[in-house]
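Trainee: Please find the sequence and the predicted model below.
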Amino acid sequence: MAKGSKFWIAGALSAALLTGGCVTDPETGERSISRAAIGGIGGAVGGYLLGDLVGGRRDRTEKILGAGIGGLAGAGIGAYMDKQERDLRARTAGTDVEVTRRGDDLVLNMPAGITFAYDSANVQPQFRATLDQVADVLRDYNQTYIDVYGHTDSTGSDAYNQTLSERRAASVASYLTSRGVQSARIGTRGFGETQPIASNETEEGRAENRRVEIKIVPIEQDQLR
């Protein structure tokens, strides 16, 4: 099997399940992933976006407590994430940043082509205005954990791609903290080429796979006790 093909098959299965489990908001027309579909994906392929927070929830919670950040409770969790989702969609409208809702979590997909120059981990100047908008929302809605994930295509060695993905995730995280997002809320991880969302056999597919994602997870009050 070609390099990366097995990962692409798993990603395609996830995509199929997500498509089947999409629901559409009758007011906004925006699509999101139903809770039932999320459970199905977890059982089928164990998608990385469904995993625990980077570094483990216990360690991250200790950092949150140390920073004096509070948590959300009950129905307030969904309402809080609803407002944050609307603000993120409004602030990123007209850009190539994709906002996806998964239960009460949000995921932002930022293609590397608009975020970084080739073979670089420095945020491109022309993308900073968009990332500033994202940082503003993350700063305003501070009762969330933030995980930043870096990904590459399969071009180059495994080791090189892993390092590049880690550097890019760290670069975005550093930019967010420079704009006032609390570092205690942020974790980073590079996946290298292991989590493609398209085929690495075509240039279009490789372009989709080169990306940075920001996963936003509500801080629940019960977890802080």
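Mentor: Received, thanks.

Trainee: switch to C-alpha atoms for all contacts and neighbour counts from now on
Mentor: Fine.

Trainee: Any idea how far apart the tips of stretch 218-225 sit?
Mentor: For stretch 218-225, the first-to-last residue distance is 15 Å (Cα to Cα, to the nearest Å).

Trainee: Need the contact partners of that stretch.
Mentor: 61, 65, 70-73, 77, 81, 104-105, 143-145 (Cα atoms under 8 Å, 6 or more residues apart in numbering).

Trainee: Are any of those buried, and if so which?
Mentor: 61, 71-72, 77, 81, 104-105, 143-145 (16 or more other Cα atoms under 10 Å).

Trainee: I'd like those residues laid out as a markdown table, including distance to Leu49, secondary structure and pLDDT.
Mentor: Formatted as a markdown table, the buried ones among the contacts of stretch 218-225 follow (distance: Cα to Cα, whole Å; DSSP: H, G, I helix; E, B strand; the rest coil; pLDDT from 0 to 100):
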| residue | distance to Leu49 | secondary structure | pLDDT |
| --- | --- | --- | --- |
| Thr61 | 19 | helix | 93 |
| Gly71 | 21 | coil | 95 |
| Leu72 | 21 | strand | 96 |
| Ile77 | 19 | helix | 97 |
| Met81 | 17 | helix | 98 |
| Asp104 | 13 | coil | 96 |
| Asp105 | 10 | strand | 96 |
| Gln143 | 19 | coil | 97 |
| Thr144 | 16 | strand | 98 |
| Tyr145 | 13 | strand | 98 |
